[in-house]
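Peer 1: structure for this input, please:
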Amino acid sequence: MDGDNGTSENKTQGRYRVLGEEMLPAETGSIEKFINFASEHARMGGFTDNRIDEIREVLTETLGNIIKFTFDDSKGEIQVSCNVDKFGKFVLAIVDSGKPFNMLLEDDPFIGSLNPDPKGPRLSTKRMKRFSSNIEYKRLENRNHLIITLARDMKSGKD
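Peer 2: I've put the predicted structure just below:
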């Protein structure tokens, strides 16, 4: 994904300084690997253990939704990039090769739901929204791009 948000060489590209990138198959077994990868970068960035636990929750929910609702048991890949923005906030860039899927809209009760059947699987973005200071979705070059910004301290929204 070079060019999407930089390269993996720890240099500044556009709005972010890239800390690292990891690409894995879009399967449940990859979630813990992505979480460990992002947690290590957040720890090196000076985030507290409590905040790292919240980042873990954000990634668990986000990646679970992507795998379940974007791929429908089909093969694909997900890339997670850990970045720092110019304000020192931790930015997770999640790019997947699945079908178009904006989970931010799908979970909105006024816009619609992926599964109107109350007994079917439900999408949830509650933890993702609660622990993040900003979330953006884009569909570019046949890929879903989800950018999640996490301040060091959600109470103040500041570093």
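
Peer 1: for the helix ranked longest in the chain, list every residue counted as buried.
Peer 2: Criterion DSSP state H: the longest helix present in the chain is helix 49-65. Residues of helix 49-65 classed as buried: 51-52, 54-63, 65 (neighbour count, 16 or more other CB atoms under 10 Å). Any C-beta I mention is one placed from the backbone N, CA and C, and that applies to glycine too.

Peer 1: one more: stretch 22-33?
Peer 2: Per 16+ other CB under 10 Å, stretch 22-33 contains these buried residues: 22, 24, 26, 30-31.

Peer 1: could you list the residues in contact with it?
Peer 2: 1, 34, 37, 59-60, 63-64, 66-67, 70-71, 75-81, 96-98 (CB atoms under 8 Å, 6 or more residues apart in numbering).

Peer 1: among those, which are in strands?
Peer 2: Residues of the contacts of stretch 22-33 located in strands (DSSP state E): 77-81, 96.

Peer 1: which members of the residues you listed are the farthest-apart pair?
Peer 2: E77 and S81 (13.2 Å; CB to CB).

Peer 1: what about the two, which has more around it?
Peer 2: Using other CB atoms under 10 Å as the criterion, E77 and S81 rank with S81 on top: 26 against 17.

Peer 1: can you name the residues bridging to that one?
Peer 2: On the basis of DSSP bridges, S81 is bridged to E21, A93.

Peer 1: may I have stretch 98-106 exported as PDB, CA atoms only?
Peer 2: Taking Å, rounded to 0.1, in the frame of the first residue of the first chain, the C-alpha atoms of stretch 98-106 are listed here in PDB:
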ATOM      1  CA  GLY A  98     -13.200  -6.500   0.700                       C
ATOM      2  CA  LYS A  99     -16.400  -5.300  -0.700                       C
ATOM      3  CA  PRO A 100     -17.400  -1.700  -0.100                       C
ATOM      4  CA  PHE A 101     -18.300  -1.300   3.600                       C
ATOM      5  CA  ASN A 102     -18.700   1.800   5.600                       C
ATOM      6  CA  MET A 103     -19.400   0.500   9.100                       C
ATOM      7  CA  LEU A 104     -19.900   4.100  10.300                       C
ATOM      8  CA  LEU A 105     -23.100   4.400   8.200                       C
ATOM      9  CA  GLU A 106     -24.300   0.800   8.500                       C
END
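
Peer 1: now do the buried residues in it.
Peer 2: Buried, per 16+ other CB under 10 Å, within stretch 98-106: 98, 101, 103, 106.
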